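Colleague: Sequence first, predicted model second:
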Amino acid sequence: MRLTWQFLRVGVMNELQYRANFFIQLLQSLVAIATGLIVLALVFDNTSDLSGWTRPQLLIVMGVFTVMGGIIGFVIEPNMGRLMSDIQLGTFDYVLTKPADSQLLTSIREFRLWRLTDVVVGGVVIVWGAGQLDRPVGWLEGVGFSLLLVVGGVMIYCFWLLLTTGAFWFVRMEMMQELFTGLYRAGQYPVGIYPGWLRVMLTFLVPIAFAVTVPSEALTGRLTVGLAVLAVVFAAFLLVLTRLFWRFAVAHYSGASA
Amino acid sequence: MVSVPAVQALTLSKIFEVPEREQGLVASIKSLIRRRTRQVPAVVDVSFDISAGEIVGFLGPNGAGKTTTLKMLSGLLHPTAGTAQVLGFEPHRRQPEYLRQITLVMGNRNQLQWDLPALDSFELTRAIYRLPAEPYLEQRDELIDLLDLGGLVNKPVRNLSLGERMKVEIANSLLHRPAVLFLDEPTLGLDVTMQRRIRQFIADYNRRHNATVMLTSHYMADVEALCKRVIVIHHGRILFDGQLSELSRRFSATKKLVVTLARPGDLSSYGDVIDASPTRATLLVGRAEAAQVTGRILAELPVDDLTVEDPPIEDVIELAFASGQPDSVLAPTGE
Amino acid sequence: MTSQATAVASPSAAEGRLRSYLRLYGTLIRVSIMEQFQYRAANYFYMIGMVTEPIIYLVVWSTIAREQGGTLGGYTPELFAAYYIVWTLVRNMNIVFTPFGWEERIREGTLSAQLARPLHPIHYDLGFFAGWKVVVIVMWIPIAAALFWLFQPELHPRPTQIAVFAVAIWGAYLIRSFLLWILGMVTFWTTRVSALFEAFFAAELLLSGRLVPMTLLPEWAQTLANFLPFQWTFGFPITALVGPITDEELFVGLAAQAGWIVFGAVATWLIWRRAVRLYTAVSG
């Protein structure tokens, strides 16, 4: 934990030097959310609910999508990117020679502070949406939401790490990352609206459903206990799978380069 | 009959306006309202004439103004004052007819397509310069021959070594058989063998086609191999313009001694001291006397360590400047 | 008397100007195709990832259409499917050199190298990206086939529509090339350009037909869009193929494209001259 804190401190100090980046990032967050809101406005000009989701509920989905995007940009994406370039350039060795768990190290080395603007902007939208709900948000929903948000984040992390670990064998993995970034955009809307085959892909293949839709359901009171349990179980499964795959990859890597 | 020089610079100057920026929030706000700029002279009052077919070397330490001068002559920079004329054109107007007759080669800059064989990039260059088939092919094959490129032109450029890449880049820049070559640090970063090869090539090319070559470098060796005439630039001004042999005699006629003493001592009687601390000094002595002076120092002082080197241009020029030699000694001697 | 080396014989003697430009573009496009073909895997993944965006829009609007009794703004779900599938090709045709790339171009000296040659740098961009587009079009066909099968769109264009579409996608390419060049050139005057670029792209997203077909926008937005070039780079080419569109509208659209191309070319030419003057005065 202390290691994480150290990296965080360094990352933050580095970024604070570039105050201009904060404004640029804030601008981007605002433009993105404004565009999303305009789309929602267009949608609700024409209908009063979308596949059973009301306007405040969709606002919450959009907010969660943005918040999750911010977390990904803040910690997951920079580290996965660095891992990829380390593998390509051969500097991954430095990670292995450090007296810390290699998976932990590769996951927390980099932070992009200013991506947190997405978290703030998304948070505002969530609160705004929550305020308009028919059914007020109680503490149970709040707890469920927070928990499932964390669970969702864990799943995205696992998924992305699994993908990037593949780079040990197929060095040009960045193409897959392009694919993922594209697919992630689908999380802007609850996965329920997509046709069956897409919904399945977005749930189990690329866990966007769990990252965005499920926590939103928790907040809006649509969540079933079964789904919540499934989420936690799936997350645990992914964590174990990721860990095993990582250990396998590192063993293979050090064996190969000996 | 007096011939028109190929390259003519007349009191050429370039002064850059650099914004002054200070630390702190208050200064940032103030700078929004009123922009304060500093004048940085890069080239001051530079004049010279170069005849067709000459190879002229521009010598000087980093930041002396060599590249800036070259950029003004190739049209990339507008002079602040003075005029430049190359092949009868004003370079800064960048007319296509002018650009078709010159070439600019900057060391370390790739113009070739990275993933494709050089031959394909050559085709592109041909299209850009609108070269008819026969002269193009003839020139291309001659270059491949002269530079010893052989099979290299069929390999993707990214697969070539740094030296091979430089050779191919040079070939690419000469396909249109320019009359004037501006070479900015062409041997930068290359190993000694490759440097020699490229110098050889430039000399050959100049002989064959009577092309005018302006070459900048901070390697004395480049200039020694190629240029009969050198122009030394320092702090934007011409320090010397004349035959290389004279420059060698005057500037490279010294050797640098770095002496480390066991006990503090004074070495000023042995030569020109350019750097001194109580127990260590760097001094310049005449090339002819170097061995003798070394012997004397070793005999007369408690020496821990002593090295003898060729002084880098920077030190020599600094010394010449600082020692306040009369201007007439350093004045441009012309052709 | 010294003999001056002569450059290779002047081209105007040997080749007409037009012919040499054609040869130039031919070479640029050919070289670009060869290069991009080497990166086909990367291109494929990028194109597949890009497909999510239109699918999202497609699903959202189709859902609403179904709930509203079958049509929305004149579009049935099948028509939406057609719109967004053709969208994927038009989107690819729209991708040109990013204005954000100008800062690096200037900083890294690539621009200087180009300026030392007797060719306007825009030809490099136009030529290279055109070659890339050719590769993209070919690679798009299997993706389109897959999307067709998945979403069962309604697509029955008249021959005129197909012809106009084939021209319009290149018109769109040209317009956007000029527009983004103009944007990018702002970098010569200031590097604080992010806000401007973001605003441009946001406006473009909403008013071009990329987010929704133009007819679904509120009236005031449609009027505003008529004064802007965006819909001619996106919505018009798509609608040209997908319909419903009259022959008259098709040719009005082509004329509008031509107009914006001329505007773009002239503006680029004017601004470029000033930009080069500034560049050669300041940094070279």
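Modeller: Received the coordinates, thanks.
Colleague: So in terms of bridging, what pairs with the residue sitting nearest the centre point of chain B?
Modeller: By C-alpha atoms, centre = their mean, chain B has its centre lying nearest to B:Thr216, at 1.7 Å. For B:Thr216, the beta-bridge partners under DSSP bridges are B:Phe58, B:Asp184.
Colleague: Can you give me the distance of it to B:Val7?
Modeller: To B:Val7, B:Thr216 is 13 Å away according to C-beta to C-beta, to the nearest Å. Every residue, glycine included, has its C-beta placed from N, CA and C.
Colleague: Residue in chain A with the shortest distance to chain B?
Modeller: Taking C-beta to the nearest C-beta as the measure, chain A has A:Arg19 as its residue closest to chain B, at 10.2 Å.
Colleague: quick revisit: OK, contacts around the residue nearest to the centre of chain B?
Modeller: Taking C-beta atoms under 8 Å, 6 or more residues apart in numbering or on different chains, we find B:Thr216 in contact with B:Gly57, B:Phe58, B:Leu59, B:Gly60, B:Lys66, B:Thr67, B:Leu70, B:Leu183, B:Asp184, B:Glu185.
Colleague: In chain A, which residue sits nearest chain C?
Modeller: A:Gly182 (2.8 Å).
Colleague: re the thing from before, max pairwise distance over the contacts of B:Thr216: which two?
Modeller: Farthest-apart pair in these is B:Gly60 and B:Leu183; separation 14.8 Å (C-beta to C-beta).
Colleague: could you say what helices and strands the helix or strand harbouring C:Ile271 packs with?
Modeller: Assessed by DSSP states H and E, C:Ile271 sits inside helix C:247-282. Here helix C:247-282 touches helix C:110-115, helix C:159-185, helix C:230-233, helix C:235-242, going by 3 or more C-beta pairs under 8 Å, 6 or more residues apart in numbering or on different chains; DSSP states H and E.
Colleague: Relative to chain B, which of these is closest?
Modeller: Closest of the helices and strands packed on helix C:247-282 to chain B is helix C:110-115, at 5.4 Å (criterion: C-beta to the nearest C-beta).
Colleague: Can you name the residues in contact with the closest one?
Modeller: B:71, B:75-76, B:94, B:104, B:106, B:109, B:111, C:104-105, C:121, C:124, C:276, C:279-280, C:284.
Colleague: Closest to chain A out of those residues?
Modeller: The closest of the contacts of helix C:110-115 to chain A turns out to be C:Glu104 (C-beta to the nearest C-beta; 16.0 Å).
Colleague: chain center to the host helix or strand of that closest one: distance?
Modeller: Using DSSP H and E, C:Glu104 sits in helix C:101-108. Computed by C-alpha atoms, centre = their mean, to the nearest Å, the chain-centroid distance of helix C:101-108 equals 21 Å.
Colleague: list the helices and strands it packs on?
Modeller: Helix C:101-108 packs on helix C:159-185, going by 3+ C-beta pairs under 8 Å, 6+ apart.
Colleague: Tell me the gap between the helix it packs on and the middle of its chain.
Modeller: Chain-centre distance of helix C:159-185: 5 Å, with C-alpha atoms, centre = their mean.
Colleague: buried stuff in that helix?
Modeller: C:161, C:164-165, C:168-169, C:171-185 (16 or more other C-beta atoms under 10 Å in any protein chain shown).
Colleague: And it, what does it pack against?
Modeller: Helix C:159-185 packs on helix C:77-94, helix C:101-108, helix C:122-151, helix C:194-207, helix C:230-233, helix C:235-242, helix C:247-282, going by 3+ C-beta pairs under 8 Å, 6+ apart.
Colleague: The ones you listed: which one's closest to A:Glu77?
Modeller: Closest to A:Glu77 of the helices and strands packed on helix C:159-185, according to C-beta to C-beta: helix C:194-207, at 19.3 Å.
Colleague: thinking again about what came up before, will you turn the contacts of B:Thr216 into TSV that also has distance to C:Thr52?
Modeller: What follows is the contacts of B:Thr216, written out as TSV (distance: C-beta to C-beta, whole Å):
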residue	distance to C:Thr52
B:Gly57	59
B:Phe58	56
B:Leu59	59
B:Gly60	57
B:Lys66	53
B:Thr67	48
B:Leu70	50
B:Leu183	51
B:Asp184	47
B:Glu185	48
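Colleague: from those residues, which single one is nearest chain A?
Modeller: Checking the contacts of B:Thr216 against chain A with C-beta to the nearest C-beta, the nearest one is B:Glu185 at 27.6 Å.
Colleague: about what we covered before: spatially, and excluding backbone neighbours, which residue is closest to the residue of chain A closest to chain C.
Modeller: Of all residues not flanking A:Gly182 in the chain, C:Gly49 sits nearest, at 2.8 Å (C-beta to C-beta, 6 or more residues apart in numbering or on different chains).
Colleague: same check, this time on A:Tyr194
Modeller: Ranked by C-beta to C-beta, 6+ apart and with sequence neighbours excluded, the top spatial neighbour of A:Tyr194 is C:Val59, at 5.4 Å.
Colleague: mind listing the helices in the chain by residue range?
Modeller: Looking at chain A here, since you left the chain open. Per DSSP state H, chain A carries helices over the ranges A:2-16, A:19-46, A:55-71, A:77-89, A:92-96, A:102-108, A:116-131, A:139-165, A:174-184, A:196-200, A:208, A:214-220, A:225-257.
Colleague: was after chain B, sorry
Modeller: Here chain B has its helices, by DSSP H, at B:25-33, B:66-74, B:96-99, B:118-129, B:133-146, B:162-174, B:192-209, B:220-226, B:244-250, B:290-300, B:313-322, B:327-330.
Colleague: Just name the most buried of those helices.
Modeller: Highest mean neighbour count of these: helix B:66-74, a mean of 26 (counted as mean count of other C-beta atoms under 10 Å in any protein chain shown).
Colleague: Quick check: mean pLDDT of it?
Modeller: Computed over helix B:66-74, the mean pLDDT rounds to 89.
Colleague: from the middle of its chain, how far away would that helix be?
Modeller: 10 Å.
Colleague: So what's the residue count around the residue lying closest to A:Ala130 once chain neighbours are set aside?
Modeller: Using C-beta to C-beta, 6+ apart and skipping residues adjacent in sequence, the residue nearest A:Ala130 is A:Val137, 5.0 Å away. For A:Val137, the neighbour count with other C-beta atoms under 10 Å in any protein chain shown is 19.
Colleague: same thing with B:His218?
Modeller: Neighbours of B:His218 (other C-beta under 10 Å): 18.
Colleague: who touches it in this structure?
Modeller: By C-beta under 8 Å, 6+ apart, the neighbours of B:His218 are B:Leu59, B:Gly60, B:Pro61, B:Asn62, B:Glu185, B:Ile313.
Colleague: Quick check on the residues you listed: which are buried?
Modeller: Buried among the contacts of B:His218 (16+ other C-beta under 10 Å): B:Leu59, B:Gly60, B:Pro61, B:Glu185, B:Ile313.
Colleague: how about low-confidence regions in the stretch 51-200 of chain A?
Modeller: A:171-172 (pLDDT under 70).
Colleague: quick revisit: turn the helices and strands packed on helix C:159-185 into CSV, including mean pLDDT and mean neighbour count.
Modeller: Shown next, in CSV, are the helices and strands packed on helix C:159-185 (pLDDT from 0 to 100; neighbours: other C-beta atoms under 10 Å in any protein chain shown):
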stretch, mean pLDDT, mean neighbour count
helix C:77-94, 93, 23
helix C:101-108, 87, 15
helix C:122-151, 92, 17
helix C:194-207, 90, 17
helix C:230-233, 95, 26
helix C:235-242, 94, 26
helix C:247-282, 93, 16
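Colleague: List, one by one, the residues from the stretch 51-200 of chain C near chain B.
Modeller: Within the stretch 51-200 of chain C, the positions near chain B by C-beta under 8 Å from any C-beta of the partner chain are C:Gly109, C:Thr110, C:Ser112, C:Ala113, C:Leu115, C:Ala116, C:Arg117, C:Pro118, C:Leu119.
Colleague: which of these are buried?
Modeller: Buried members of those, scored by 16+ other C-beta under 10 Å, are C:Thr110, C:Ser112, C:Ala113, C:Leu115, C:Ala116, C:Arg117, C:Pro118, C:Leu119.
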